[in-house]
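> here are the coordinates; sequence isn't available:
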């Protein structure tokens, strides 16, 4: 009998000699930090609320750490009894200590790609005129022939904005190729010089996978590009890791300052070695990274998963089934409304969106990974898309021998965004082990536009069923999908609690969650989705001391004021501070 074939080795495994060196450096640093000449606490946090987010949502008075772990939680007197001669007392000044936030679905590498693009967003400009002025200034400053890249164009966040036609962009930049990507990141607009530079003309075939080049009523290219295959050739030069690393480091620092100690990054990511290197600050990791790769970078998801990375781990693959609500590519049971905004967004009357891949293709993508033990994450926005995705996952589970079906559910496969995820699907998701991460600030920034011009009142009342997901035991999380929206944890939580749009409209009040649930959605639930709930996500003795200090107790703060809560300091592994 011949010997069994060796397990295929991934590109990640093939570079083990480099990665092991970095891992050894991390371990040595942690060991040096943990060593001391006493057996008491290294730090004791007191004079504030210690919100543990444990199973009972306990609020304690003080917490002690030693090395990279939590030593104990309890009363001030109990913690002071653990002090030694070198113990540092950290005064919370009446604020609160929380578990470090887990950014459940953000895109630090994409944020880095766009770090130096011209900012045309509604977060930076109060009017469409201001956004266009910023672009014109950038074009005027650029040498003739040089590409000009911009991001953030959005007719919802910039009232009165008309999405640009090719002729308008030709007038703005007659001598420069021009590329503007939308705030949703699912569509873009270019001028004639850009089309020519990319060899796209009237006879170019559609780029495929639900992507296309926009055309005017006469059938001519109008400069619109929709979905990833159309956008990718123009973004590819900016994704070179050597170009991205400096900005990537800055993005990770920004996340830490916002209170995040872990980030989940599904989609385009730096190669593992580059991501680890970019995370180092004074030879220490600045954040925990959990990666889901896609496309060509699925080469890092070969073989079987490694599970021993404290600061960096490849979790699995990310796949898209549908697209964005604001590019007409979200897959719906009933069509988009025909409105002024839908026409501005080039959504054809009667459109129900179009899937990026077929159900069979999606099933093949997911099955190829999950059979080797990997977790998968699927981009799913529309109600029809969610039904299709659940049907695919049911088919995959049922195709397995009975003994392996439990392992399928134990993968904790992820449904990302879930704008129109139906409540009726939640029990089956629980049975399949699928867990949702909700793009909650769709409601805050776009809720009124969804209600009045894209979906209608009845469907909009049903969006983002976070409470129902809690009730079904699905461990839901919240995310900003940055750079689409700012990765502000308290903004996400306030929206989930109040269900109010930026205009003050209450949407789906019966899906509002409690303050305690909101904190769980940003901490322990994120850890659970990663299979890390025994090490991260709550303040309990023995867990890793990933902490965040805020200026007030969220549980004693009215929900309408949560966006005013300020992060003062975050601590990674007990000692690595960011302010």
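Good, I have the coordinates. For clarity, every value in this text was computed on a predicted model and none was experimentally measured.

> Look up how far residue 57 lies from residue 94.
When distance is defined by C-beta to C-beta, to the nearest Å, residue 94 is 20 Å away from residue 57. For glycine as for every other residue, the C-beta is placed from the backbone atoms N, C-alpha and C.

> higher neighbour count, the two?
residue 57 (16 against 11; other C-beta atoms under 10 Å).

> what helix or strand does the more buried one sit in?
Using DSSP states H and E, residue 57 sits within no helix or strand.

> Dihedrals phi and psi, it?
phi 50, psi 40 (degrees, to the nearest 10).

> contacting residues for it?
With contact set as C-beta atoms under 8 Å, 6 or more residues apart in numbering, residue 57 has these partners: 51, 516.

> For stretch 396-412, measure first residue to last.
14 Å (C-alpha to C-alpha, to the nearest Å).

> quick one: it to chain centroid distance?
Distance, stretch centre to chain centre, for stretch 396-412: 27 Å (C-alpha atoms, centre = their mean, to the nearest Å).

> What lies in contact with it?
By C-beta under 8 Å, 6+ apart, the list of residues contacting stretch 396-412 reads 363, 366-367, 370, 373-376, 431-435, 528-529, 531.

> Try it again at 7 Å.
363, 366-367, 370, 375, 432-433, 435, 529, 531 (C-beta atoms under 7 Å, 6 or more residues apart in numbering).

> next one: stretch 244-253
108-109, 111-113, 115, 270, 274, 278-279, 286-287, 578.

> again with stretch 215-222
By C-beta under 7 Å, 6+ apart, stretch 215-222 touches 165-166, 195, 202, 213-214.

> Redo these as JSON lines? Include secondary structure, neighbour count and pLDDT.
Shown next, in JSON lines, are these (DSSP: H, G, I helix; E, B strand; the rest coil; neighbours: other C-beta atoms under 10 Å; pLDDT from 0 to 100):
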{"residue": "165", "secondary structure": "coil", "neighbour count": "16", "pLDDT": "90"}
{"residue": "166", "secondary structure": "helix", "neighbour count": "19", "pLDDT": "95"}
{"residue": "195", "secondary structure": "helix", "neighbour count": "19", "pLDDT": "94"}
{"residue": "202", "secondary structure": "coil", "neighbour count": "10", "pLDDT": "93"}
{"residue": "213", "secondary structure": "strand", "neighbour count": "20", "pLDDT": "92"}
{"residue": "214", "secondary structure": "strand", "neighbour count": "19", "pLDDT": "89"}
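
> Just the closest of these to residue 177, please.
residue 195 (8.5 Å; C-beta to C-beta).

> and the contacts of stretch 244-253, which of them are in strands?
Within the contacts of stretch 244-253, residues falling in strands by DSSP state E are residue 578.

> Put together JSON lines for the contacts of stretch 244-253, with distance to residue 550, pLDDT and neighbour count on each row.
Below are those laid out as JSON lines (distance: C-beta to C-beta, whole Å; pLDDT from 0 to 100; neighbours: other C-beta atoms under 10 Å):
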{"residue": "108", "distance to residue 550": "22", "pLDDT": "96", "neighbour count": "30"}
{"residue": "109", "distance to residue 550": "28", "pLDDT": "94", "neighbour count": "23"}
{"residue": "111", "distance to residue 550": "23", "pLDDT": "94", "neighbour count": "22"}
{"residue": "112", "distance to residue 550": "27", "pLDDT": "93", "neighbour count": "26"}
{"residue": "113", "distance to residue 550": "30", "pLDDT": "91", "neighbour count": "26"}
{"residue": "115", "distance to residue 550": "27", "pLDDT": "88", "neighbour count": "17"}
{"residue": "270", "distance to residue 550": "30", "pLDDT": "93", "neighbour count": "23"}
{"residue": "274", "distance to residue 550": "32", "pLDDT": "93", "neighbour count": "16"}
{"residue": "278", "distance to residue 550": "27", "pLDDT": "92", "neighbour count": "24"}
{"residue": "279", "distance to residue 550": "24", "pLDDT": "93", "neighbour count": "23"}
{"residue": "286", "distance to residue 550": "19", "pLDDT": "94", "neighbour count": "21"}
{"residue": "287", "distance to residue 550": "18", "pLDDT": "97", "neighbour count": "25"}
{"residue": "578", "distance to residue 550": "14", "pLDDT": "77", "neighbour count": "22"}
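
> Just the closest of the contacts of stretch 244-253 to residue 81, please.
residue 578 (29.6 Å).

> in a strand, that's where residue 555 is, yeah?
No: using DSSP: H, G, I helix; E, B strand; the rest coil, the assignment for residue 555 is helix, not a strand.

> Can you tell me the closest non-neighbouring residue to it?
residue 515 (5.6 Å; C-beta to C-beta, 6 or more residues apart in numbering).

> Look up how far residue 551 lies from that neighbour.
For residue 515, the distance to residue 551 - C-beta to C-beta - is 16 Å.

> Comparing these two, which shows the higher neighbour count?
Per other C-beta under 10 Å, whichever of residue 515 and residue 551 has more neighbours is residue 515, with 20 against 16.

> quick one, what contacts the residue nearest to residue 555?
Here residue 515 is in contact with 497, 554-555, 559 (C-beta under 7 Å, 6+ apart).
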